[in-house]
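**Q** Here is my input, please return the structure:
(one chain, ligands or ions: 1)
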Amino acid sequence: MSYYKGKVVLVTGGAQGIGLGMAHAFAEAGATVILTDADAEAGEEALKGLKSAKRKASFIRCDVGAEHEVAALMQEVKDKHGQLDALVNNAGIADPFIGDLEEMLLSEFDRVLAVNLRGPVLCAKYGLTLLRQAEHPAILNITSTRAFMSEPNTFAYSASKGGLEALTHSLAVSLAPDRIRVNAIAPGWIETGPWQKESQRYEPKHTREDKEQHPVGRVGEPRDIAEAALFLCSDRAGFITGQHLVVDGGMTVKMIYT
Ligand SMILES: NC(=O)c1ccc[n+]([C@@H]2O[C@H](COP(=O)([O-])OP(=O)(O)OC[C@H]3O[C@@H](n4cnc5c(N)ncnc54)[C@H](O)[C@@H]3O)[C@@H](O)[C@H]2O)c1
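**A** Okay, here's the model as predicted:
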């Protein structure tokens, strides 16, 4: 996609997992990719991988839940790159299980909301000045199918992703005067084992049931999300804003009778 040549894309939580998969895809498409992540070790490793593939990339450490760190991140993006075409709000506490409601620590609930929901708000707020100057600016929020359905004891994660879905359409309307399109991808089960930092990397083993419960017959990969991200952040999606695209191999449209 030659669209991304000369573009600058910031991927939060870009050092591992889906974020790293998206970073590689944007960089392969010609973008300069800025990875940001709270895990500096993972970030340096990820940057090395991108550089060895001759991609244009940099890493800035940042906890997206901390306002002063996000403000400093966007200042550094401005100083080093002077441009921001797409902001991908991917960083998240990805483990959905928080335990029993009565036992739950409020601080744990608050932390999930601070990273998964307040993080994207802060990144949009402090990235706004640069995004406004782009030709076709876009924000992409990575939500989850857990915004729409639940397993037990996942209420902090589900609430954070439900909030992020609502934030998507609300920001789409609020930032329309600035021509900033805001969309979301709601992933289903995406296997990230091979995309973790070296010390935590593993080869996934999926059972037949794991695969066959998906109408498409397999578990998802970061590439599946990256393909949708490339489209939604480009001007080929110029008439799409405030929407979410579910990328889940068909899991959430399957009717189950027992
Ligand atoms: N993998 C899935 O099956 C799946 C499904 C639905 C949604 N998601 C969402 O996709 C996103 C990525 O998930 P993943 O599975 O790749 O997770 P992951 O744990 O593999 O990667 C997440 C990355 O975000 C970073 N991160 C965590 N907290 C951060 C913070 N406060 N500031 C900056 N960086 C931070 C981590 O260090 C890590 O590098 C998350 O928002 C997650 O909720 C994942």
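
**Q** So what touches the longest helix anywhere in the chain?
**A** In the chain, assigned by DSSP state H, the helix with the most residues is helix 155-174. Contact partners of helix 155-174, identified using C-beta atoms under 8 Å, 6 or more residues apart in numbering, comprise 89, 92-93, 95-98, 101, 104, 108-109, 112-113, 115-117, 120-121, 124, 139, 141, 143-144, 146-148, 150, 180-184, 186, 241-244. Any C-beta I mention is one placed from the backbone N, CA and C, and that applies to glycine too.

**Q** Narrow those to just the buried residues.
**A** Neighbour counting over these (16 or more other C-beta atoms under 10 Å) leaves 89, 92-93, 96, 98, 109, 112-113, 115-117, 120-121, 124, 139, 141, 143-144, 146-147, 180-184, 186, 241, 244 as the buried ones.

**Q** What about the ligand: which of these touch it?
**A** Gly92, Ile93, Val115, Ser144 (C-beta under 6 Å from any ligand atom).

**Q** Tell me which of those fall in strands.
**A** Cross-referencing those against strands under DSSP state E gives no overlap.

**Q** Is the closest residue in space to Arg223 that isn't next to it in sequence in a helix, a strand, or coil?
**A** Leaving aside its sequence neighbours, Arg223 sits nearest to Gly21 (C-beta to C-beta, 6 or more residues apart in numbering; 5.8 Å). Under the three-state scheme (DSSP: H, G, I helix; E, B strand; the rest coil), Gly21 adopts helix.

**Q** which phi and psi does the residue most central in space within the chain have?
**A** With distances taken as C-alpha atoms, centre = their mean, Asn90 lies nearest the centre of the chain, 1.9 Å away. When quoted as degrees, to the nearest 10, the phi and psi of Asn90 stand at phi -110, psi -30.

**Q** I figured it hits Gln16, correct?
**A** No. At 10.3 Å, Asn90 does not count as touching Gln16 under the criterion of C-beta atoms under 8 Å.

**Q** could you pull out the strands for the protein?
**A** 8-12, 32-37, 57-61, 86-89, 138-142, 181-187, 244-247.

**Q** packing partners for the fifth one?
**A** I take that to be strand 138-142. strand 86-89, helix 119-132, helix 155-174, strand 181-187, helix 222-232 (3 or more C-beta pairs under 8 Å, 6 or more residues apart in numbering; DSSP states H and E).

**Q** repeat that with 7 Å
**A** Judged by 3 or more C-beta pairs under 7 Å, 6 or more residues apart in numbering; DSSP states H and E, the packing partners of strand 138-142 are strand 86-89, helix 155-174, strand 181-187, helix 222-232.

**Q** that older thread, I'd like the strands of the chain written out as CSV, with distance to Glu76 and mean pLDDT added.
**A** Below are the strands of the chain laid out as CSV (distance: least, C-beta to C-beta, whole Å; pLDDT from 0 to 100):
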stretch, distance to Glu76, mean pLDDT
strand 8-12, 11, 99
strand 32-37, 9, 98
strand 57-61, 5, 98
strand 86-89, 14, 99
strand 138-142, 19, 99
strand 181-187, 23, 99
strand 244-247, 30, 98
